[in-house]
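> give me the fold of what follows.
(chains A, B, C and D)
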Amino acid sequence: MSFLVIEALRKTFGQHAVVEHFDLAAERGEFVSFLGPSGCGKTTTLRMVAGFETPTAGRIRIDGRDVTGLRPNQRNVGMVFQSYALFPNMTVAQNVAFGLKVAGRSAAEIGPRVDEMLKLIKLPHLAERYPYQLSGGQQQRVALARAIAIKPQILLLDEPLSALDAKIRISLREEIKAVQRTLGITTIYVTHDQEEALSMSDRIVVMNEGKAEQIGTPFEIYNYPRTRFVASFVGTLNLLPGKVIDAAAGRIAIDGREVVSSRGLAGAQPGEIRTVALRPEAVTLNDPRADGNRMEGTIEDVAFLGSVVRIRVRFGESSISLDTFNNPSVQPPERGQAVTVCFAHADLQVLQDAA
Amino acid sequence: MSFLVIEALRKTFGQHAVVEHFDLAAERGEFVSFLGPSGCGKTTTLRMVAGFETPTAGRIRIDGRDVTGLRPNQRNVGMVFQSYALFPNMTVAQNVAFGLKVAGRSAAEIGPRVDEMLKLIKLPHLAERYPYQLSGGQQQRVALARAIAIKPQILLLDEPLSALDAKIRISLREEIKAVQRTLGITTIYVTHDQEEALSMSDRIVVMNEGKAEQIGTPFEIYNYPRTRFVASFVGTLNLLPGKVIDAAAGRIAIDGREVVSSRGLAGAQPGEIRTVALRPEAVTLNDPRADGNRMEGTIEDVAFLGSVVRIRVRFGESSISLDTFNNPSVQPPERGQAVTVCFAHADLQVLQDAA
Amino acid sequence: MKTSKIGPWIAFTLGALYFIIPLIATFEFSLRLKRGEYSFEAYRIVLGDPRFQATFGYSTLLALATIVIGVLLVVPTAYWIQLRLPKLRPVVEFITLLPLVIPAIVLVFGYLKMYNSSSLLPLTSSPWSTNLLLTFGYVTLALPYMYRAVDTGLRAIDVRTLTEAAESLGAKWPTILFKVILPNVRSALLSGAFLTFAIVIGEFTMAALLDRPAFGPYLQLIGANRAYEPSALAIIAFFVTWACMGLIQVFGRGARGASPETR
Amino acid sequence: MKTSKIGPWIAFTLGALYFIIPLIATFEFSLRLKRGEYSFEAYRIVLGDPRFQATFGYSTLLALATIVIGVLLVVPTAYWIQLRLPKLRPVVEFITLLPLVIPAIVLVFGYLKMYNSSSLLPLTSSPWSTNLLLTFGYVTLALPYMYRAVDTGLRAIDVRTLTEAAESLGAKWPTILFKVILPNVRSALLSGAFLTFAIVIGEFTMAALLDRPAFGPYLQLIGANRAYEPSALAIIAFFVTWACMGLIQVFGRGARGASPETR
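Below you'll find the predicted structure:
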C-alpha cells in the first residue's frame, strides 16, 4: 500500500463543492505537486491532509494509519505557509526548536538538531535573529527548517514561493527540492506556477474546478495532456483549426497549407474541421535539413525570454509560436521577415474533440 | 533630443540614497523596463517620473518640457499600479471615463473613447460591472484602459503583474505589449522578473542599489552583461573557476579538464585562477557533430521546465547547467548517467575580475 | 474541531445575557405603573411630557451640529495624515484618545475658566454661545469614535494609491476628495455619525455643568424623582441608541458588500 | 507637494490647542490659591486630604480588578472569534459597542432593579457585593476599548496562520495561547489595560448612583464646594491619565518595532 492514500475525498462549503472525487496514492519519498488556477481546490485538499479542514467525505491514510479524524497536532505533518508564519516573538533558533520543545525533547537533543537544520538551509549564522530582521527568502527557509525539524511523516507546502521575487523563487525552489531529496521526505507542494510544478515534482496532479484532471510525471503531463484544460494550462501549446483532406494518409490543411500528421486522424471525414496541436519547441525555423512539414509565413512577434527566443509566425488566419535557443552571435529575427517553419510529421497532434 | 530625458537623478531619504546618478534617454514609442531586486530603487525612479516623489537632485524632461517641478496632475502620464487601484465606487466604464471627465471632455467624446478602450482590452461586455466583480487580471486590464484613455505622453507601469497568477501573468504581458505597440506609446515598466523585462522591452535598465548597472536591449543585456551583478541577475549563467594554462592560445583548465576559449584571455598569467562564464543554452549533450570543447561528467540533476529541460552535469568540484528542448519521443536523461558536454570555443567567456 | 465551537458560543451567550437581563428587568418594571396589570402608562406620561419633547429636540439638534463639525474636522485630518504624514499618526491617535481619559469634568472646568464672562471669548455669557461651547465639548467627546471610524474606512480602501491614481489622471484635490475618497468612506462616516448621535443623546455631565436643557439631565431629574417613568425613559433611550446602532450595521454591511475584499 | 504639508500641520496645531489651552487655563487657575502669588498650595491641600487618598486608592483597586476580569473575558473571546467564527465578528463588535451608547444611567437602573436586596442575587445588599457590581459595571464600560485593543493586536499578527503553524508542529491549545499568541499581543493588552485604568479613575455616574467612595464622585464633590482645589484635582487627574497614555505609546511603539510590518 502506498505511503499516503487519499480516497474519494470531497469537501463542500454549503452547496458549493470545492473538492470532489479526489483520489491519490503517493509513495514514500515522492514529491507530488497540486497544480491549478486559483480556486481549483488545491489548497483546500492540502489543508484536509494537514487537518485544518474536515473532509465532507472520503479517507486520508498516512503510512497505513487513517488520519481523517485526527487533529493537526496528532498527524505529524510539517507545514510551510505562503506567508511564512514564523513566530514573531521567537528567534530563528527558537522557531526551529518549537516543535521539538512541544514534543518534550531534551535540550541536549534539541540543540544539535536545530544546528543541523540551520546548516541544511544554509543559515547557521542567523540563529539569534528575529524573523523581522530576515528577508522573505530567508524567512521561508527558516519556515522550512521549522517544519522538517520535527521529522514529519509528510511535508506540506502551500504556495511557499508566491510571495517572493522571481529570482529568489528560482533559487529557493532548487533548495527546497535539494532538501527534500536529501531527507527523502514525502512531500505535497501546492502551486499555480507550471514551471515550479514541472521542475520540482516526481508527479503532478493538475486540478481544475475541484477535480484532478490528470495525474502523471511532468514529462507525461507536458507531452501527453489528457484534456484540453491540461494542455492549455501546462505549457504553451499551439492550437490551430485544420481541415481534414485525407484521414488515412493523415493529410490536413492549416489555413490552406497542406501538412501531414503521422499521429492518427482515425474516423475523420474529409472536409471536417479538427483542432491540431503543436508544441513550440517542436518547430524549427528555416531548417534546410528538416524533412517533414514546411509552411511559409511572416514573423509577427519576437519575444526574447532569455535562453529561449519565442517567435510567432503568422499564416493568414492562424499563427504558430516556436521556440529557438538564444545564440549570442546571431541577433533574433525581425518582425515582418518572411520565414519557413518546419516540423516533423510525428509532432503534429490532432485532438479528438471537434474544433 | 530624446522624448523622455532623465538627467543625474538622485533621491535620498535622510542619509540613505535610494537612487543615484540615474541617466536615461528614451525615444518616442520606446518600451523601457527597470529591472532589479526589491529595494534597488526602480519603483522610486518611476514615482519620480510620475511626480509622486520629488527628486533630491536632477532633471526630468518629457518631450522637451522640464516636468521636474510639476505635480502629477500636470504631467499627463498614465500610471498602472500593482494593486490595480480601480475606484471601487465606479463601474468599469466610469473608471475608464474618469480622466476624460476630469479633463472636461464632452459626453459625446467620452462615450466612444471609453468604448474604444474597452474594445482594446477586450472587455467591452463588462462596462457596467464594478471592480469587485472582476478577476485580478480583468481589473488590471481596466486599470490599463483607464491609464491610456487620457492619451498620456508616457505610460508608467509599476510591477503590474506581480499580484497575478503565473498563467495570467504571461497572457497579460503579451496583451500589454500588444496595446503598447498598437498605440506607439512611450512606456516605462518596472519589474523584478527578468523574463518579463526580456520579453517585453525595447531596452532594459538593470538596477542595483540605486544605480543603473547596465542599459541595453534584452539581447545585449542577456548576452553581453557588463557587470557580474547583471550576469547573475539576468539569466542563469554557469560561473566556474578556471586555471589559465596558456593565455595566448586561450587554453584554460576547468576542474583539471582543458578547454579553449576564443574570446580572449589577454594578460592572464599561467596558473592564475579566472572565472569563466557559459550560457546553459550554449551547451549540448553527447553531440557527435560538435567540434569545440568536450568535457565528460555525470548528470546530477534534471529539471523539466516545460519546453526546456535543464540538466546539471557534475565534474569533480564544478558543475555546468545546460538547456535542451523537450522532445516528446525521448524521456529526459536520468540522474547519475555519464555524459559528454560540448560547447563551442566562442561561447566560453573569461570574465575580467579574478575569481 | 467541532467541539471547540462551543466555547465562543457560551462566551457570546453570557455576554448577551449580561446586557439583556438588566434591560428586560428594566422593561418589565417600566410596565408596572398601574397596580396589578402591565401597561404602557409610564411611556404615555413620559412621551406626553413637554420637557421630554423639548430636551430630546434640543439634544437632537446639538447632536446634528456635533456631527457636522466633527466630520469637517476629522475627514480632512485623517486623510492628510494617512496620505502625507503617516509618522504623525500615533500622535494624532493619542490626541483623539485624550477625551476618553480626560474626565468630562476636567474639560468643562477648563472651558468655564477659559470662556467665562470676563475672558476674551465670553462664551458662557449668553445661552446661544453656551450652546456653542457645549457643542464643542460634544465634538471633543465624540472625536475618538469619529476619528476611529473614518480612519478605519480610509485604511480599507488604500487611500494613497487611489489618490495617486486619480492625480495621475489629472484630478485636483476637490475632485479627489469628493469623487474618489468620500464615496468610498460614506458608510464609515455614517457609522461615526450615528455613534456620535447616540453619545450626545445620553450625555449628562457636560450638559448639567453648563446648565443646558439637554436630554441627559432630564433623564437624571426624572430618575431622582419618579419611580416607573425613569425605567420607561431608559428603555426609550435604549431604543433610540439601538436604532442608531442598527443603522450602523446596515450601512457597515452595505459598504462591505461593495468592497473588493469580500469577494 | 511641499505646500500641501501645511494643511495637516495647521489642523494638528489647532487640535492640540483645543486641548492644551483649557488645560493651561485650568493649571494657571489652580496655582492662584494664595492671593497675589503663584503657589502649589492647592495641590498640597488636595494631596494631603485623606479622602483623596482613600478614594484614589479605592478607584485604583477597582481599576485593577476591572482589568483582570476584562482580560480574562476579552482575550479568549476575541481569539476564538478571529480563528473560528469570523462571521460572528460584526455581532460581537456590535455588543462591545453597546456600552458606549447605552447611557451609564440605563445600565445602573438595570443593575439596581436586577440585583436589589429582594432579588435572587442581592448584590446591592452589602458594600462588598456592591463593589462587585460596580466592578462589573466598569468591565462593561471598558469592554469596547479592551476588545478593540486586543482585536487590533490579534489582527496584526495573522492569528490564524500562526495557530495553524503551531498546531502542525504538535502544539496544543494552552501552548498556542501562552507561547505563541499572548507574547505577540502583550503590548495590545497593556494598551487596553491602561485605557481601562484611565477610564475607571475618571468615572462618575456609576460610582455616584451606587454610592461608592470612588475618585470620580470625590472630584465632583470638591468641584461643587471649593474654588481652587478642583482645578488642582483636574490637573492631577489629567497627569495620571496622561501617564497611562504615555505608557500606551511606549508599549505600542515597542510592539511595532518588533513586528515585521515596519521593516
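
> for the chain, which helix is longest?
No chain in the question, so chain A it is. helix A:166-183 (DSSP state H).

> chain C, not that one
With secondary structure taken from DSSP H, chain C has its longest helix at helix C:50-83.

> and it, what's its mean pLDDT?
For helix C:50-83, mean pLDDT rounds to 88.

> is that helix in proximity to chain D?
Yes. Applying Cβ under 8 Å from any Cβ of the partner chain, one finds helix C:50-83 touching chain D at C:73, C:76-77, C:80-81. In this view, the C-beta of every residue, glycine as well, is placed from N, C-alpha and C.

> excluding chain neighbours, what is closest to C:V75?
Distances taken as Cβ to Cβ, 6 or more residues apart in numbering or on different chains place C:V150 nearest to C:V75, at 5.8 Å, with adjacent residues excluded.

> and the next helix or strand past the helix or strand hosting the one you found?
Following DSSP states H and E, the helix or strand that holds C:V150 is helix C:127-156. Elements were assigned by DSSP H and E; along the chain past helix C:127-156, the next helix or strand is helix C:159-168.

> hmm, that following helix in reach of chain B?
Yes. Using Cβ under 8 Å from any Cβ, helix C:159-168 comes into contact with chain B via C:161-162, C:164-168.

> figure out how far that helix is from the centre of its chain.
Centroid separation for helix C:159-168 versus its chain: 31 Å, with Cα atoms, centre = their mean, to the nearest Å.

> how about stretch A:298-317?
On Cα atoms, centre = their mean, the centre of stretch A:298-317 falls 25 Å from that of its chain.

> tell me which element the residue nearest to A:N89 when sequence neighbours are not counted falls in.
Nearest non-adjacent residue to A:N89, counting by Cβ to Cβ, 6+ apart: D:P183, 4.1 Å away. Under the criterion of DSSP H and E, D:P183 resides in helix D:182-202.

> what pLDDT, on average, does the next helix or strand after that helix get?
Using DSSP H and E, the helix or strand that follows helix D:182-202 towards the C-terminus is helix D:205-209. Averaged across helix D:205-209, the pLDDT comes to 78.

> which helices and strands sit right next to helix D:205-209?
Counting contacts by 3 or more Cβ pairs under 8 Å, 6 or more residues apart in numbering or on different chains; DSSP states H and E, helix D:205-209 is packed against helix D:104-115, helix D:127-156, helix D:215-225.

> what's the most buried one of those?
helix D:104-115 (a mean of 22; mean count of other Cβ atoms under 10 Å in any protein chain shown).

> wait, what's in contact with A:G104?
By Cβ atoms under 8 Å, 6 or more residues apart in numbering or on different chains, the contact list for A:G104 is empty.

> assumed it was part of a helix.
No. Using DSSP: H, G, I helix; E, B strand; the rest coil, the assignment for A:G104 is coil, not a helix.

> state the distance from it to chain B.
According to Cβ to the nearest Cβ, to the nearest Å, A:G104 stands 38 Å off from chain B.

> what do you get for A:I168?
Going from A:I168 to chain B by Cβ to the nearest Cβ gives 8 Å.

> just give the nearest non-adjacent residue to residue 165, would you?
Because you didn't say which chain, this covers chain A. Sequence neighbours aside, B:H192 is the residue nearest to A:D165 in space, at 4.6 Å (criterion: Cβ to Cβ, 6+ apart).

> please go with chain C instead
Residue nearest to C:A165 in three dimensions, not counting chain neighbours: B:A85, with 4.2 Å by Cβ to Cβ, 6+ apart.

> I'd say that neighbour and C:L162 touch.
Yes. Using Cβ atoms under 8 Å, B:A85 is in contact with C:L162, at 5.7 Å.

> show the contacting residues for A:V19.
Shown in contact with A:V19 (Cβ under 8 Å, 6+ apart): A:9-11, A:41, A:44-45, A:48, A:210.

> mind checking which of those residues land in strands?
Using DSSP state E, the subset of the contacts of A:V19 located in strands is A:9-11.

> who touches residue 166 in this structure?
You didn't pick a chain, so chain A it is. B:192-196.

> that's the wrong chain, I meant chain C
C:A166 is in contact with B:87, B:98, B:102, C:175-176, C:179-180, counting by Cβ under 8 Å, 6+ apart.

> show me where pLDDT drops low in the stretch 101-250 of chain C?
Applying pLDDT under 70 to the stretch 101-250 of chain C picks out residues C:101-125, C:223-224, C:241, C:244-245, C:248-250.

> show the buried residues in the residues of helix C:159-168 next to chain B.
By neighbour count, with 16 or more other Cβ atoms under 10 Å in any protein chain shown, the residues of helix C:159-168 next to chain B hold C:161-162, C:164-168 as buried.

> around chain A, pick out the residues from the stretch 51-200 of chain C.
So the stretch 51-200 of chain C never meets chain A (Cβ under 8 Å from any Cβ).

> tell me the confidence at residue 35?
Just going to use chain A. We note a pLDDT of 95 for A:L35 in this prediction.

> meant chain C actually
So C:R35 comes in at 78 (pLDDT).

> now it, what's its secondary structure?
Of the three states, C:R35 takes coil under three-state DSSP.

> other SSEs contacting the helix holding C:V150?
helix C:50-83, helix C:89-101, helix C:104-115, helix C:182-202, helix C:205-209, helix D:6-30.

> please name the nearest non-neighbouring residue to A:M48.
A:P55 (5.1 Å).

> show me the contacts of C:A166 that map onto helices.
B:98, B:102, C:175.

> got a markdown table for the residues you listed, with neighbour count too?
Shown next, in a markdown table, are these (neighbours: other Cβ atoms under 10 Å in any protein chain shown):
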| residue | neighbour count |
| --- | --- |
| B:F98 | 26 |
| B:V102 | 18 |
| C:T175 | 18 |
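
> and which of the residues you listed is nearest chain A?
B:F98 (28.3 Å; Cβ to the nearest Cβ).

> the closest one contacts C:S168, doesn't it?
No. Contact criterion Cβ under 8 Å: B:F98 and C:S168 do not qualify, at 10.7 Å.

> ok, back up a step: for the residues of helix C:159-168 next to chain B, which one is nearest chain D?
Minimum distance to chain D across the residues of helix C:159-168 next to chain B is 10.5 Å, recorded for C:E167 (Cβ to the nearest Cβ).

> surely the closest one meets B:R75?
No. Between C:E167 and B:R75 there is no contact under Cβ under 8 Å: 9.4 Å.

> now do the shared contacts for these two.
In contact with both C:E167 and B:R75: B:G51, using Cβ under 8 Å, 6+ apart.

> what helices or strands is the helix or strand where A:R113 lies leaning on?
Assessed by DSSP H and E, A:R113 sits inside helix A:107-120. Judged by 3+ Cβ pairs under 8 Å, 6+ apart, helix A:107-120 is in contact with helix A:92-102, helix A:136-149.

> helices or strands next to the longest one in the packing?
With contacts defined as 3+ Cβ pairs under 8 Å, 6+ apart, helix A:136-149 has these neighbours: strand A:77-80, helix A:92-102, helix A:107-120, helix A:166-183, helix D:159-168.

> among those, which is nearest B:G216?
helix A:166-183 (18.8 Å; Cβ to Cβ).

> does chain D sit close to the helix or strand just after the closest one?
Remark: after helix A:166-183, the chain's next helix or strand is strand A:186-191, criterion DSSP H and E. No. Under the criterion of Cβ under 8 Å from any Cβ, strand A:186-191 makes no contact with chain D; the nearest approach is 12.9 Å.

> show me how chain A divides into domains.
According to automatic domain parsing, chain A comprises the domains A:4-231, A:236-354.

> need the winner for burial among the ones you listed.
domain A:4-231 (a mean of 20).

> what about that domain, start to end distance?
From its first residue to its last, domain A:4-231 covers 27 Å (Cα to Cα, to the nearest Å).

> could you list the low-pLDDT ranges of the stretch 1-150 of chain A?
Scanning the stretch 1-150 of chain A for pLDDT under 70 picks out nothing.

> how about the residues of it near chain B?
Residues of the stretch 1-150 of chain A lying close to chain B (Cβ under 8 Å from any Cβ) are A:37-38.
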